[in-house]
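Student: Pasting the sequence and the predicted model now:
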Amino acid sequence: MKKSSDLKNTSSRVFLEKLLFCASPSGFEDEAHDLFREYLSPFSERTWGDVIGNAYSVINEKAPFRVMIVGHADEIGMQITQIDENGFLRFRSIGAPNYAAWIGIEVEILGGKGKVPGVIAKKGQEAPKSGDTYEAGALWIDIGAKDKSAAAKLVEVGDYAVTRPNFKFLDGGRFVSKALDDKIGVYIVAEVMRGLSRRKPKVAVYGVAATQEESGSRGAKVAAESIRPDVGFVIDVWGANDTPEAKQSDGGEAKLGKGPGIFKNPNNTRLLVDRMMMIAKRSAIPYQLAPHYQPVSWTDASVLQVTGNGVATALIGIPNRYMHYQTEICDIADVDNAVNLIVETIMSMSGKDRFYRE
């Protein structure tokens with residue numbers, strides 16, 4: 001299995017780092033989607049976009065049996081709602097951040113004149129205490145402007161913003177970045193498509209970098225309606241609970257380095273899940289079972305499964321520490337094993353597969 005040192009000089013490693021440095025708040029994912037299409041162009045029959053902002057890649061498009069693989073490119077972010085008389089910016093959230101974790105964090109505002117740096121601040125100088133909660137109205141963004149007029153030359157109401165990008169490998173192949181939810185899913189989609197391009201699958205395979213999952217899975221819904229897949233794989237992150245004092249929830253044990261999570265709940269098609277588990281055991285690919293406390297996951301799987309006459313759906317979760325913080329952590333081994341598992345499962349398909357009981 002690849003270690004961090006093995007990835008330093010590969011095209012995959014370069015793509016991963018570039019992807020994690022893209023700014024892509026929900027509804028403004030162009031930077032990440034352009035990179036996705038550029039990277040997959042040599043490995044696809046074609047790439048394209050759509051009116052809602054999704055990015056697509058396809059292999060063996062003429063095959064009648066269709067498989068869709070999707071990860072969402074959007075990250076939680078902000079939108080500027082007001083510039084006050086002193087040049088400070090008020091904002092609303094896009095997605096569901098932990099506001100206390102954002103205090104003091106550097107941001108980038110995606111204005112018409114480029115990326116404008118700033119910091120998130122709050123009233124008073126004291127640091128947040130354990131258990132403190134905040135709403136967006138208690139915070140502001142400081143871009144250093146002297147007054148409203150100076151700020152308005154750089155940003156305007158409606159501009160999007162994200163926290164400053166970061167990426168670094170830690171010990172043993174683990175790595176940290178602020179938007180692994182769910183750029184790591186987009187990376188896996190791209191690597192699956194790259195791997196399949198060398199294997200000649202018997203089915204049509206569509207790779208999708210979806211827009212607006214954090215705003216209600218809008219992109220995945222449009223993509224699924226357009227493709228009308230027979231099978232869909234959704235890759236997202238899965239909250240790890242292997243840290244000090246973490247409690248095992250109804251979501252099962254989620255540990256970094258123990259393999260991707262294969263979800264088992266009503267949102268996942270049992271016969272497809274069984275196929276994946278069989279493939280994993282046959283190919284010695286480690287995995288973890290991921291029961292979920294909700295009957296329907298809060299991921300793109302929730303809309304994919306019920307598209308058209310129904311889609312055989314599987315949700316694969318990459319264990320992720322500190323979700324929606326500036327320092328999310330995943331393990332590259334789990335990522336590589338997810339790629340291998342999805343590639344091998346798709347390669348097992350004849351094009352006549354039925355993941356339901358007639």
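Tutor: Here it is on my side, so go on. Numbering: from 1, shown residues only.
Student: Next, find the distance separating the spatially most central residue of the chain from Val155.
Tutor: Taking C-alpha atoms, centre = their mean, the centroid of the chain lies closest to Asp182, which sits 1.3 Å from it. For Asp182, the distance to Val155 equals 27 Å [C-beta to C-beta, to the nearest Å]. Just so you know, the C-beta spots here come from the backbone N, C-alpha and C atoms, and that holds for glycine as well.
Student: got it, and Ala179?
Tutor: 21 Å.
Student: Please say which of the two ends up with more neighbours.
Tutor: For Ala179 and Val155, the more surrounded residue by other C-beta atoms under 10 Å is Ala179, and the numbers stand at 28 against 23.
Student: So the more buried one sits against Gln326, correct?
Tutor: No. Using C-beta atoms under 8 Å, Ala179 is not in contact with Gln326; the gap is 9.4 Å.
Student: could you pull out the strands for the stretch 1-150 of the chain?
Tutor: Along the stretch 1-150 of the chain, the stretches classed as strands by DSSP state E, counting those that start in this stretch are 46-49, 55-59, 66-72, 77-83, 89-94, 106-111, 114-122, 139-142.
Student: out of those strands, which comes closest to Asp334?
Tutor: strand 66-72 (14.1 Å; C-beta to C-beta).
Student: Taking strand 55-59 as reference, get the angle to the closest one.
Tutor: Using axes from the mean of the first three to the mean of the last three C-alpha atoms, to 10 degrees, one finds that strand 66-72 and strand 55-59 are set 150 degrees apart in direction.
Student: from the middle of its chain, how far away would strand 66-72 be?
Tutor: Computed by C-alpha atoms, centre = their mean, to the nearest Å, the chain-centroid distance of strand 66-72 equals 12 Å.
Student: coming back round to it: are we agreed that the residue nearest to the centre of the chain is in a strand?
Tutor: No. The assignment for Asp182, made by DSSP: H, G, I helix; E, B strand; the rest coil, is helix rather than a strand.
Student: Report pLDDT for it.
Tutor: Model confidence at Asp182, given as pLDDT, is 88.
Student: measure it to Glu45 for me?
Tutor: Applying C-beta to C-beta, the value for Asp182 to Glu45 is 25 Å.
Student: mind listing what's buried in stretch 43-59?
Tutor: Within stretch 43-59, the residues scored as buried using 16 or more other C-beta atoms under 10 Å are Phe43, Ser44, Thr47, Gly49, Ile52, Gly53, Asn54, Ala55, Tyr56, Ser57, Val58, Ile59.
Student: now the fourth one, nearest residue through space, not along the chain?
Tutor: By that I understand Gly49. In space, not counting the residues next to it along the chain, Gly49 is nearest to Ala55; the distance is 5.5 Å by C-beta to C-beta, 6 or more residues apart in numbering.
Student: What does the pLDDT read for that neighbour?
Tutor: Ala55 is given a pLDDT of 98.
Student: what sits opposite Gly111 in the beta ladder?
Tutor: Gly114 (DSSP bridges).
Student: Spit out the contact partners of it.
Tutor: Leu154, Val155, Glu156, Asp159 (C-beta atoms under 8 Å, 6 or more residues apart in numbering).
Student: I'd say the second one and Leu89 touch.
Tutor: Meaning Val155. Yes. Val155 is within contact range of Leu89, at 6.6 Å (criterion: C-beta under 8 Å).
Student: list residues touching both of the two?
Tutor: Jointly contacting Val155 and Leu89 under the rule C-beta under 8 Å, 6+ apart are Ile80, Ile83, Ile109, Ile143.
Student: out of those residues, who's nearest Asn320?
Tutor: Of the shared contacts of Val155 and Leu89, the one sitting nearest to Asn320 (C-beta to C-beta) turns out to be Ile109, at 26.2 Å.
Student: how far away is the closest one from Gly71?
Tutor: Distance, Ile109 to Gly71, using C-beta to C-beta: 26 Å.
Student: And the two? Which one has more around it.
Tutor: Legend: neighbour count by other C-beta under 10 Å for Ile109 and Gly71, higher for Gly71 (30 against 26).
Student: My read is that that one contacts Gly185, right?
Tutor: Yes. Using C-beta under 8 Å, Gly71 is in contact with Gly185, at 2.6 Å.
Student: Can you check what pLDDT the model gives Glu245?
Tutor: Note for Glu245: predicted pLDDT of 74.
Student: what's the answer for the one 3 residues further on, then?
Tutor: pLDDT recorded at Gln248 is 68.
Student: again with Ala290
Tutor: On pLDDT, Ala290 comes in at 88.
Student: Disregarding residues adjacent in the polypeptide, which is nearest to it?
Tutor: Using C-beta to C-beta, 6+ apart, the nearest residue to Ala290 is Gly261, at 3.5 Å.
Student: Give me the number of neighbouring residues for the one you found.
Tutor: When neighbours are defined as other C-beta under 10 Å, Gly261 has 29 of them.
Student: One more: Leu35?
Tutor: Quick note: Leu35 (other C-beta under 10 Å) scores 21 neighbours.
Student: and what of Glu38?
Tutor: Other residues close to Glu38 by other C-beta under 10 Å number 13.
Student: Could you do Phe169 as well?
Tutor: Counted with other C-beta under 10 Å, Phe169 comes out at 17.
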